[in-house]
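>>> below is the structure, and that's it, no one-letter string:
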């Protein structure tokens, strides 16, 4: 907020460059122009109350997003209409809010193939993560605790410190399990 449209576009392009480097970028945008909106790949659209009404790709020029709404009986956008303004109008959150024929977009989302695909992806990822839990637990159990009187312990029992704890500038290698130290410090 407080940025001119030119400055906002510059920020969006910097964010795009960061994402192109492989970093995940999560941000909130309000009333984006077509140019800013096109810098984003995916969208989590929430309606009032925090309920999901769309989560997925935006598509070139917002085509994938617009197609989702049209497939679910929303009117087609006007020629040249900003897809961000269009989606907000459809869910009743934009300027010139719709009245009368309001759809429950959250319920539509929950029944959509897109929601089912996202749910399956999340469930698959959770299963993959659970396969790693014994390894993570093992690493946590073997991680030494902070040194007390110059001795690092792995028993997890805390003792009263009798000397000053290391400062934030001290070597923090004692906090990292030996098994993963080469990956962290090399």
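The structure has been received and is ready for your questions. Keep in mind the model is a prediction, meaning the values are calculated, not measured.

>>> what's the host helix or strand of residue 6 packed up against?
Using DSSP states H and E, residue 6 falls within helix 5-20. Counting contacts by 3 or more CB pairs under 8 Å, 6 or more residues apart in numbering; DSSP states H and E, helix 5-20 is packed against helix 34-37. In short, each C-beta sits where N, CA and C put it, glycine included.

>>> and the contacts of the helix it packs on?
With contacts defined as CB atoms under 8 Å, 6 or more residues apart in numbering, helix 34-37 is touched by 8, 9, 12, 29, 58, 61, 62, 82, 83, 84.

>>> list the buried residues in the helix holding residue 6.
Going by neighbour count (16 or more other CB atoms under 10 Å), the buried part of helix 5-20 is 8, 9, 12, 15.

>>> for stretch 37-53, same thing?
37, 38, 39, 40, 43, 45, 47, 53.

>>> show me the residues you listed that map onto helices.
When DSSP state H is applied, those are split such that residue 37 fall in helices.

>>> what segments of this structure are helices?
Using DSSP H, helices in the chain cover 5-20, 34-37, 63-71, 83-90, 105-111, 113-142, 181-185.

>>> got any ranges where the chain has weak pLDDT?
1, 94-101, 130-186 (pLDDT under 70).

>>> follow-up on the earlier one: looking at the buried residues of stretch 37-53, spot the one nearest residue 25.
residue 40 (8.8 Å; CB to CB).

>>> any idea how far the closest one is from residue 85?
Remark: distance between residue 40 and residue 85 (CB to CB, to the nearest Å) = 15 Å.

>>> go on, residue 54?
15 Å.

>>> which of these two has more neighbours?
residue 54 (26 against 20; other CB atoms under 10 Å).

>>> now the more buried one. Nearest residue, chain neighbours left out?
Once flanking residues are discounted, residue 54 sits nearest to residue 45: 4.2 Å by CB to CB, 6 or more residues apart in numbering.

>>> go on, residue 68?
residue 54 (6.0 Å).

>>> show me the contacts for that neighbour.
43, 44, 45, 65, 68, 69, 87, 105, 109, 114.

>>> check the gap between the fourth one and residue 32 for me.
With distances taken as CB to CB, residue 65 is found 12 Å from residue 32.
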